[in-house]
Structures are given as C-alpha cells and as structure tokens.
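K.L.:
sequence first, then the predicted structure:
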Amino acid sequence: MKKLVLLTLLAIFTTTPAFAQEEEGGDKLSKAQMVDLLEKIDERQRSTGDYQAEVYIDQREKDKSELLYQATIYRRDEADKMVILFTAPRAEAGKGYLRIDKNMFMYDPNVGKWERRTERERIGGTGSQRRDFDEWRLADDFVPSYEGKEKLGKFEVHHLKLTAKDKNDVAYPVMEMWIDTKSDNVLKLQEFALSGRLMRTTYYPKWRKVKSKKKGDWVYFPKEIRIYDEVEKGNRTIVLFRDVDLKPLPDNIFTKAWLESKSR
Amino acid sequence: MSNFLATFRLLVLTAARSVVNHRMKSLIVGFILMFGTALLVLGTSLLDSVERSMEKTVTQSLAGHLQIYSADAEDELALFGDVMLGGDNIGEIEDFSKVREPIEKIDNVKAVVPMGMTQARFVMGNRIDEVIAGLRDAVDNQNWEEVDPLADQLRAMAEDLKAENEARAQIASNAETYRENVERLSRVLDDTFWDEDLRENPREALFFLDTKIAPLSSDGRLVFMRVLGTDPQRFATYFDRFEIVKGEMIPPGERGLLVSNRAYEEWLKNNVARELDKLHEEIHEEERVLADDELLRNDVKRLQKQYRQVIFGLQPDKVATIKERVADYLGSESDDAKDLLTEFLALTDDNFDERYTFFYDELAPLMRMHEFEVGETITLQAFTDRGFPRSRNTKFYGTFQFEGMEDSDLSGSVNLIDMPTFRTLYGAMSEEAQQEIAEMRDEVGVEDIRRDEAEDALFGGGDSLVVEEDDEEVAQNADEIQNTDETQNTDEAGIAGQTEPTEPSEPSEPDDTIEIDRQTDSTYDPAQIDNGLARNAAILLEDSSKLQQTMADVRAVIDEHDLGLTVVDWQKAAGIVGQFVIVIRLALFVAIGIIFLVALVIINNSMVMATVERTGEIGTMRAIGAQRWYVMALFLLETLILGLAAGLAGCGLGALIVAIAGHTGIPATTDFLRFLFAGDHLYPTLSVDNVLWAFAAIVAVSTISTLYPARLATRIQPIVAMRN
C-alpha cells in the first residue's frame, strides 16, 4: 500500500511543472529538460543555409596499413542532402557519397557506377560514418533517459541514454551521451548495437561555432572527432574539420551528375 | 633332411585333417578372416584410388603439387575452405618476382604460378537502377530520342511494381506503406511525369526515380564468388585440365575475368531457365515423373510464380513479342503477361518437352539469359581487409572448367582474374601511394591517442585540449566569415570557439575537376604480373613422385634466400577436404582393427576349446613320442592353413569387388564425392601392395591368435590323456 502511495505521488510530481522547476537546480534532468537539451544541441548544429568543410579522416589500425583521406563535405540540411567528395590521396580522389533523404549512394569514378549504401557504411573503410559529418537529429530520432551526473576528466557532464524511436532510421539503436553541464557541448558518445554490444566510442574534444547570417545565430560544429572502434579493438579514426564555410552552394552540387563531373 | 620332410609332411597332413574334421569351427574362423581380408583389400584400394583422384582434382585444378605462402600468416592456407570458414589471413608475398626465380631453378620444379584469392561481388545493381542511369545520361545529353524507349521500359517496370504493391497492400499489416508506394508508382505511370516534369525539371524527376522508385524494386542480386588472381597464361598452361567452355582465353596483358562454367550456369543464369533445366534433368536423367512426384509438382508451382523473371527489365517491344508468341502457342486470347506465362509454365509430363524446346527456341533469344554475357564489361567489387569496397571494371572473356570435373561445385568454385586486377581489388598499396599518405599525415600533424589514454589526454590534462585555439582556417575565408574569437567563452559557448556573422553571397561553383588517379586501363604490362604482391603461389612439379624431396629443396631455397615463406603439400594446402582422405583412412584402419581384434578373440577362444576337446588326442601323441614343439607346430600350422585359405579367398573376393567397381564405376552422388572422385564416377584399381599387405596382415593375425592355445596344448601331459 505504502509503495502504491509512493508511486502515485511520484507519478504526480514527475508530471507537474513545479517539480520540474525544482529539479532544474538538482542533479537529475527531467524528461522535458533532456528533450530540450537535445533540441538545443540539434538546433546549435543546424546551419539553415548550406555548409561546406574540408575534412581529414585519419584511420589508424593495429596490424594493417593505415588510411588517410582528405575530403570535402557539402551539406544542405534543410533539404536533407549531403555530399562527401574525396579529394586525396590520388587513388581515392573523385570517389564520393551522395545522401538524399534516406538514400545514400556511393560513386566510384574508376568504374563509373553508383551504388546504394546503408547508414552503417564505414566512410572510406574508416571508423567514421555518415552521421559524423552530418547534421544531428537527436531529438527527432531518439528518446532520452537520464543515467546520472558524472565527471569526464575535468568536466562535469550529464550522462544520457538515447533509444531510437525507429531503429531503421539510425545506424545504432542505442547511444549513450556525455554532455558538458556548463556549455552543453557533447564530449563523448557511445553507440550500441541492438544486442547491447558497444560498437563505437566517440570523443568530441574541440567544438567551434560560426555565426550564420541566414540563421541569425551561431552554428556549432565539432572541430575534431576521435572515434574508437570497440569491436576491432585498436582501430581508431581521427576526423579533423577545417575551412568550415556557410556560404550558399549551387543546387547542382547535390546531384549525381555533379559528383561524376568532378572526376571526368 | 628326408626325416625333416617326412615330419613336416606328417604335420601338414595332421593339421589339414584337423581343419577338415573341425569343419564348423574352421568355417566360422575362416569366414571372419576372409571378410577381414576382403575388406582390407577393398578399403585400401578404394582409399588409394580416391587419394589418387583427389590429388588430380587438387593439383590440376588449383593447388599445384606444392603451395607457398607467408611464414607470418595467422591462418593456414585452405584453398578449398577450412573448418573455421573464412579464416584467410594468410599474409602476403610482397614481391613475387623474388620468389619465382630461385624456386624455378630447383630440379623437378616445372613452374611457379602466382595466386591471390579474394571474395568478390559481381555488382549487378537492380535493373531499374540501370535503366535510370541510362535515362540520366540521355537527359544530361539532351538526347530525347533515347529517353522515350527508356521511359517505356521504366513504365513497364513501374506497372509490375504497382501490381505487386497493390497486392501487398491487401494483406500486409503495414498497408499504408504499400499504398504510398502505389501512389509514387502512379506518378511515374502518368504521362505528365514524362512529358512535363522530366522535361521541365529533369533534376527533380530523376531524383524522384532514384530515391522513391528504384528502392521499391528488390531484384538487384548480390552474387558473391571467390576470384583467384593469377597469371592467366601460365595458369592455363600448367594446370592441364583447364579448358575454355564459352568465349575465349584472356589475351596476354589484358585485364579480364573468366567465370567457372558451373557457377555461370548455376548462379548467373535466368531463374526461370535454370529451373527449367533442373526439371529437364530430373525428368530425363533421374527419370522422375511429374504426375507421381509431389516435390517436383511443387517445383513447377514455384516456377510459375517466377514468371516475372521472363520479362522483367526487357524493352517493351520484346515483352510484346514474348506475349504474342506465348499467346499463339497456347491459342490464348489474353494479353496479360501474368496469365500467359503462368499458363505456359503449368508443366505436365505430357507438355514438358515441347514447352522446354519452345522456351529455348522462341523465348530465350529475346530474354536476358545470364546476368552478363561473354564480351561484356562488368564491375567486380571486393572488400579489402579494412572493409572498404574496391571496384574494377573487368571484361568477361568467357567461362572455363576443369576436364572431368565439370559438375563439381567445389572445383568450380573459383573464378579467374588477372593479377593486376586482383591487386586493385585486394587494396594493395603501391610504394608511391604509401609515400603520398605519409606526406599527407606529416602535413596534417595530428597526434595519435590510444584508446585507454583518450579520456585523460582529451579532457583531463588541462582545459587547453578542449579550449578552442586560434583557428586560422576559418579566418582565411575572410570574405565570408570574419572575426574569429580567439578566446574561450565558457558561459555562452563552452568549449566552442566563435566566429562572427557571415553575409551570404551568391552561390559559386566549387573548384574544378580534381586530380584523380583513375584506374581504368584495360591493359597492363605483362611484367607487372611478377613484379608485385601475391598472396600465395602454386609450385608444379615435373615428377610428382619426388614431392617430398622437392619440398625439402624448396624449403632449403626459402631459408637460403630468406624469403620468409612456408611450403606445404597439396593435401595440406587444400584445407579440410585435403585432410578428408587421412580421416577416412584412419576410420578404415580402426574398423579393420576392430574386425581383426574380434577375429583374434574368436580364433583364440575356439582354439582353446579345441585344445580342451583334443586333450586325449594330444596326450596320446605326446605319449607315443611327440615333442612339445611338434604339438606347438601342429596348432600353428592348423591356423596358418586356415589363414592362408581364408586370406586367399578374401584377397580374391576383394579383388573381384574392386574389379567390378573398376569396370562399372562407383557413382558420385554428391558434389563432395564428385570432388573426391575427380569426376562423376570413381574407377578403383587394385595394386599388388593392397593385396600383399592384406594377406600378410591376415596371416599375422591368425598366427598370433593361436600362440596362447598352442602353448596350452604343449603343456598337456600324457598321463592326463590316459586318465581321461
């Protein structure tokens, strides 16, 4: 009986704004606060206009020869379009990915063919995936739950667990995220397979923000990402973002024809 | 001397008389001995024959007599697969030319052929993707004449897909999804889409086809096959069972692919044609009757459901011709492809032969019978050990088989490509490419941090690692983005750096075409075959009987030149199938051992009984002067006579069975047996060794089993006999 009363009280308090207000100063974030936080993270990365960046993807592996790519990322988030065009080394230059909505295509100029790829595609055979270069949609795709307030190095962080609303839309159905309590920057991310197996751990040690006139606000983006493969232990990927540019891009960039034309 | 001969004659006569007198015992023991001998002769003959035929399969199709591969390999070489499927980390031979020269100088080495095996995908995107790609090219080139037939083809496919989605919408739990698909397909079936949308806004229309229509078709097939990179000319020369079936040999210096004929007909043929071929085989070769065979009738029902495979993706005029011909044949008024083809494929014993012939004569020439035909260039794709796909366009020159192993899936499981194409697919990196990456890495200058040190290094060693540093890259785009904030704003931005607002400018085209190292040559310098990476190599010998000696010589050369290689014989290189004969031989010896053990116990027991029974007789012999050795010899001789007679009969029986089997052949009922038998039948042969070993074994067993009872007999005293 006591238990029932307690549960009822808990149910009432957790749904009242007054309780949520009180919680704000406390250790735990309410569901609404977590969703707000995810929306804030998403919103900060939303560029509204176009986005272009030079990236280096550096793959280090235990026993294999290493990989390094230079690529240009083009994004038009409003239209859900993205292009990754490899520009170096020479053997890989001209290859690229084109994402339109939920379709992801890969182009190889050596064979002049397009192929459909999946969300889990390892970009260029490295540990990075499409999501690492794209706009985040955490609030849309995931339901958060609170795991606790923790310390990550010298930073105090919120530890959230995110479960996918539709597991078909995302590369991994469960993620855990560590968010700096002061800046709301994501510092660490772990992705889990449906079986519960940890697949990747990603660190975001450097963030950067650029003012966008079109958005009328700052656009945030990670400057450096370090991805550690938790399945193939010892494999790690470093992604560096450089020359971020928010100037409008021509429409034809987000077409198969444009990517093909780059290597003609 | 004459005394000894007389004694010996007496002994033999007495022993023979005793064998005859104890008929029942002699028959039982003799039968066991005969059975054991026959089994030994038959078993060893069969195994030797299997081993010889398998040696042919393995050495003449893929492995050669010896194989070499890296001594640093994590897995053992298994050319025909291993127990731990897929374990193929056999390392690399970095420069094959350094290996070939010294090994080919060894006496008895005929040739060293470079090899490299990888799992490759034959990229055959779904047909709708292919047609859309053609349409896109035509639209880009403003070639509207080409657009129309492609549009017709797409409409026909869309109609098929619409019917399929409408049917699914009736029964599926997620009917809404299928209804949405039907709506999308309806747009493509509408004239407005082709006459207005595609012409006015081709980009949007092509996007729609690419992203909303193409994914609805699931006909794209993934065919994974093993490909063996090699020197095609040397392979064809030294593996002498190799023969071209369709098309031609890859010319020297040309990049190309040869597909195993078995795989081509089994995996790459049109489904309907293949199913018809199977039915033809069942009815004519296995003599099965449709009317009496429910399983076969189920195959026919399944075949009817695949009717779409006859017409899907074909140009509308060909579809119309097919419908017309089938309607004429059936005398039907219908114009519906489903009705016509389903009726045509309703096969019975009475109409099968006629319709089979009609299919091949009238319909097949209009259809696409294989995923790709001889002379076409196809895309081969393999995943490197890093999981990144590497693709290469390669001309398909033809199909091949190994003579006598035409029907074996195992020996037909490998397809051939030239070595340079293999290296591309395998992801081999040239020195220049490695140098380029090293230079890029120096330029980027990023610090590598190990997993276990990451959190401390990134977030614990002071804020500097997370505080945004002065960033000149963004500032360089000064015309668009200005005023980089060099300080950390923990209140507002935390660890993010800041840059002031930017003014949007007019869209501008990014830099022009980038410099790429396009690998599209269809030829290569033949010297490249030897100069570069291989994963393993086959060594073919002049005289295979000197295999062990040559293997030792190869090992010596490897050590002398410090080549860092392992050498194995064909049996080990073949992997699990190579070990099969050893396992079977072991099992045979265990079985024969058990039979002989049983024989030993039975002979021993019956002789002990005989000894007890014959106490009086032996006592009397002893009383009238027979020495102990005489009694011992008598007993041994009795069993020896029995053993000789049974052994001879057993050898005869075994030899007779082998001779019959050698004449009629033992049929290979499974693919694995076809591989072991190097063909459809095994024709075992008898060697003198098989007979001599079996005979010697049976004589030895019978003699050993008599030692104890004979010893017992020698201990019988004459007084005991008299007392009885």
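P.N.:
Structure's in. What do you need?
K.L.:
going by C-alpha atoms from here, please, whenever you check contacts or count neighbours.
P.N.:
Will do.
K.L.:
neighbouring strands of the longest strand belonging to chain A in the sheet, and parallel or not?
P.N.:
Secondary structure of chain A per DSSP state E: the longest strand is strand A:198-212. According to DSSP bridges, strand A:198-212 forms sheet pairs with strand A:186-192 (antiparallel), strand A:217-229 (antiparallel), strand B:496-499 (parallel).
K.L.:
tell me where the stretch 101-250 of chain A has strands.
P.N.:
With DSSP state E, counting those that start in this stretch as the criterion, the stretch 101-250 of chain A has strands at A:103-108, A:113-117, A:142-152, A:155-164, A:174-180, A:186-192, A:198-212, A:217-229, A:236-245.
K.L.:
could you point out which of the strands paired with strand A:198-212 sits nearest B:A645?
P.N.:
strand A:217-229 (73.2 Å; Cα to Cα).
K.L.:
quick one: that closest one to chain centroid distance?
P.N.:
Mean-position distance between strand A:217-229 and its chain equals 8 Å (Cα atoms, centre = their mean, to the nearest Å).
K.L.:
and if you look at stretch A:156-167?
P.N.:
12 Å.
K.L.:
equivalent analysis for stretch A:186-196, please.
P.N.:
For stretch A:186-196, the distance to the chain centre is 11 Å (Cα atoms, centre = their mean).
K.L.:
give me the residues contacting that stretch.
P.N.:
Stretch A:186-196 has contacts (Cα atoms under 8 Å, 6 or more residues apart in numbering or on different chains) with A:172-180, A:198-205.
K.L.:
do stretch B:703-715 as well
P.N.:
Against stretch B:703-715 from outside (Cα under 8 Å, 6+ apart): B:600-601, B:603-604, B:607-608, B:611, B:615, B:618, B:628-629, B:631-632, B:635-636, B:639-640.
K.L.:
out of those, which end up buried?
P.N.:
Applying 16 or more other Cα atoms under 10 Å in any protein chain shown to those, the neighbour count classes B:600, B:603-604, B:607-608, B:611, B:615, B:618, B:628, B:631-632, B:635-636, B:639-640 as buried.
K.L.:
of those, which belong to helices?
P.N.:
Mapping these onto helices (DSSP state H) picks out B:600, B:603-604, B:607-608, B:611, B:615, B:618, B:628, B:631-632, B:635-636, B:639-640.
K.L.:
which ones among those also lie next to chain A?
P.N.:
For chain A, no contacts are drawn from those by Cα under 8 Å from any Cα of the partner chain.
K.L.:
return the helix or strand in chain B with minimum mean pLDDT.
P.N.:
strand B:484-485 (a mean of 34; mean pLDDT, DSSP states H and E).
K.L.:
settle this for me: B:Y426 is touching B:S391, isn't it.
P.N.:
No: look at B:Y426 against B:S391 with Cα atoms under 8 Å: they stay out of range, at 9.6 Å.
K.L.:
spit out the residues that contact the two alike.
P.N.:
Common neighbours of B:Y426 and B:S391, using Cα under 8 Å, 6+ apart, are B:A382.
K.L.:
what sits closest to residue 128 if chain neighbours are left out?
P.N.:
Looking at chain A here, since you left the chain open. A:R122 (5.7 Å; Cα to Cα, 6 or more residues apart in numbering or on different chains).
K.L.:
if you could check chain B rather than the one you did, that'd help
P.N.:
B:A214 (5.8 Å).
K.L.:
assign a three-state SS to that neighbour, would you?
P.N.:
helix (DSSP: H, G, I helix; E, B strand; the rest coil).
K.L.:
how close does it sit to B:N181?
P.N.:
11 Å (Cα to Cα, to the nearest Å).
K.L.:
for chain B, just list every one of the strands.
P.N.:
Using DSSP E, strands in chain B cover B:66-70, B:109-124, B:221-230, B:242-247, B:257-260, B:377-383, B:389-402, B:414-418, B:484-485, B:496-499, B:536-541, B:565-569, B:666-667, B:681-682.
K.L.:
nearest to A:L249, out of these?
P.N.:
strand B:496-499 (19.8 Å).
K.L.:
re earlier: what count of nearby residues applies to the residue nearest to A:S128?
P.N.:
Neighbourhood size, A:R122 [other Cα atoms under 10 Å in any protein chain shown]: 17.
K.L.:
that'll do, ta.
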